[in-house]
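Student: sequence first, predicted coordinates after that:
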Amino acid sequence: MKTLDLQEIRKQLDGIDREMVALFETRMELCRKVAEYKIGTGKPVYDGEREQQKIDAVTGMVEGEFLKQAVKELFTQMMTISRNYQYKQMAESGFQTEHTFKPVKNLALAGARVVYQGVEGAYSHGAALKYFGPEASLYHVATWDDAMKEVEEGRADYAVLPIENSSAGAVTDNYDLLMKYHNYIAAETFLTVNHALLGLPNARTEDIRTVFSHPQALMQCSEFLNANRQWKQISVENTAVAAKKVLEEGDPSQAAVASEIAGELYGLKVLSSSINHNKNNTTRFIILTKEAVYREDAQKISLSFELPHKSGSLYNILSNFIYNGVNMFMIESRPIPGRNWEYRFFVDIEGNLSHASVQNALKGISEEGRNMRILGNY
Ligand SMILES: C=C(O[C@@H]1C=C(C(=O)O)C=C[C@H]1O)C(=O)O
């Protein structure tokens, strides 16, 4: 057989591609008519059963595992594009994604009652002060769960919860609490975690024998602490408890690793400041409220959804962002209690609930995934 030269093969490919594009255009035109029908009848865009039948049919038209898989991927993508085209039409016809969020110019912060977990001087307290200012009426509860409950039951207007640390990663318990309670993220604030070595006003570094702190904080300062081998390191519940203990026990040979704010609150002296080795250690806190509101200039949306344990389900759902040009900041997954190997995903995207591109993407995810929830736009 005479071998074709490259030019010749490419000419043939060009011809085939031209036909494929023309057919694709015709296919999309038919999908537009399907969308019109769906808008008219209120039917959802996504029809999983029909898509499965389509995949079975087209894979049955080719021989061999490689081609079957290839055709499956090709049609999965085409149907995703088709759905996104239909969502776009729905948005243009004034069809809005159902959500209860109301846009506001500014959040109501005056006179707000704000709850955080821990004790005074803890980092959550620092984050609350940073966001709400020293005039706000702040109070604390024992657990993160309690803080969420305070907001849900209306005793507090806002709760401040850590959600992510730049070195330790996600605060997974708080992702679970976002599901347990129906509070919304209205804002976020970042706090640089800077630990100091704190002692009594009459303490001297050379006399220190014992250092108290939270194990995480001891670890974050290990380079500094281990340079003083004679110091005994003792773990306590949190950094502010350590500072309080040093004050209450009144022993100048004891020190605490905690924030400088905790030092001020408990009347301790800074023996050494910024003793953590990673100087960029930052925690992101979310501000939660019971009202589904978002600032008109909000730039970030947090949402959650569930997916079946099926090959390609995450890949396919994320295409709703890709085809709508929506940028994704973060993705995190948590196991769904009682359903082994099925996951709930938490995603942060760029955008505002009023944008058509965002509405299209959310419409697709709510139809194709399960239990989609918009956790906040801030
Ligand atoms: C075009 C339709 O809408 C969607 C897209 C499909 C496709 O592109 O073939 C199939 C099913 C639906 O999820 C349809 O319902 O027929």
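Tutor: Everything's here; your move.

Student: surely residue 354 is in a strand?
Tutor: No. Using DSSP: H, G, I helix; E, B strand; the rest coil, the secondary structure at residue 354 is coil, not a strand.

Student: contact partners for it?
Tutor: 103, 296 (Cβ atoms under 8 Å, 6 or more residues apart in numbering). C-beta here means a position set from N, CA and C on the backbone, and glycine is covered the same way.

Student: residue of the stretch 1-150 of the chain closest to the ligand, please.
Tutor: Here the residue of the stretch 1-150 of the chain nearest the ligand is residue 82; by Cβ to the nearest ligand atom that distance is 3.3 Å.

Student: name the nearest residue to that residue, ignoring sequence neighbours.
Tutor: residue 31 (4.3 Å; Cβ to Cβ, 6 or more residues apart in numbering).

Student: which element is that neighbour on?
Tutor: helix 6-41 (DSSP states H and E).

Student: assign the residue in the stretch 151-300 of the chain that the ligand sits nearest to to helix, strand or coil.
Tutor: In the stretch 151-300 of the chain, the residue found nearest to the ligand is residue 179; the distance is 27.7 Å by Cβ to the nearest ligand atom. At residue 179, secondary structure determined by three-state DSSP is helix.

Student: pLDDT score assigned to it?
Tutor: Here the pLDDT value assigned to residue 179 is 96.

Student: what is the burial count for residue 25?
Tutor: Residue 25 has 10 neighbouring residues, counting by other Cβ atoms under 10 Å.

Student: what separation do you get for whatever residue of the stretch 201-350 of the chain ends up closest to the ligand and residue 27?
Tutor: Going by Cβ to the nearest ligand atom, the ligand is nearest to residue 316 of the stretch 201-350 of the chain, at 11.2 Å. Computed as Cβ to Cβ, to the nearest Å, the residue 316 to residue 27 distance reads 18 Å.

Student: compare the two (neighbour count), which wins?
Tutor: residue 316 (20 against 14).

Student: which ones are touching that one?
Tutor: Residue 316 neighbours (Cβ under 8 Å, 6+ apart): 76, 80, 368.

Student: tell me how many other residues surround residue 334.
Tutor: Residues near residue 334, counting by other Cβ under 10 Å: 18.

Student: return the residues of this structure in contact with the ligand.
Tutor: 31, 34, 45, 46, 47, 50, 51, 54, 79, 82, 83 (Cβ under 6 Å from any ligand atom).

Student: returning to what we had before: A helix includes the residue of the stretch 1-150 of the chain closest to the ligand, no?
Tutor: Yes. Using three-state DSSP, the secondary structure at residue 82 is a helix.

Student: ok, residue 250 touching residue 202?
Tutor: No. Here residue 250 does not reach residue 202: they are 9.7 Å apart, not a contact under Cβ atoms under 8 Å.

Student: for the protein, which residues score under the pLDDT cut-off?
Tutor: 1-2, 96-97 (pLDDT under 70).

Student: okay, helices next: where are they in this structure?
Tutor: 6-41, 48-59, 65-92, 123-132, 144-152, 172-180, 215-220, 222-226, 239-249, 260-265, 313-322, 356-368 (DSSP state H).

Student: in CSV, list the ones you listed along with distance to residue 101.
Tutor: Below are the helices of the chain laid out as CSV (distance: least, Cβ to Cβ, whole Å):
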stretch, distance to residue 101
helix 6-41, 23
helix 48-59, 28
helix 65-92, 16
helix 123-132, 20
helix 144-152, 17
helix 172-180, 15
helix 215-220, 35
helix 222-226, 44
helix 239-249, 35
helix 260-265, 34
helix 313-322, 19
helix 356-368, 11
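
Student: what's the closest of those helices to residue 336?
Tutor: Judged by Cβ to Cβ, the one of those that comes nearest to residue 336 is helix 172-180, at 9.2 Å.

Student: give me the helices and strands touching the closest one, please.
Tutor: Counting contacts by 3 or more Cβ pairs under 8 Å, 6 or more residues apart in numbering; DSSP states H and E, helix 172-180 packs against helix 144-152, strand 158-165, strand 328-335, strand 343-350.
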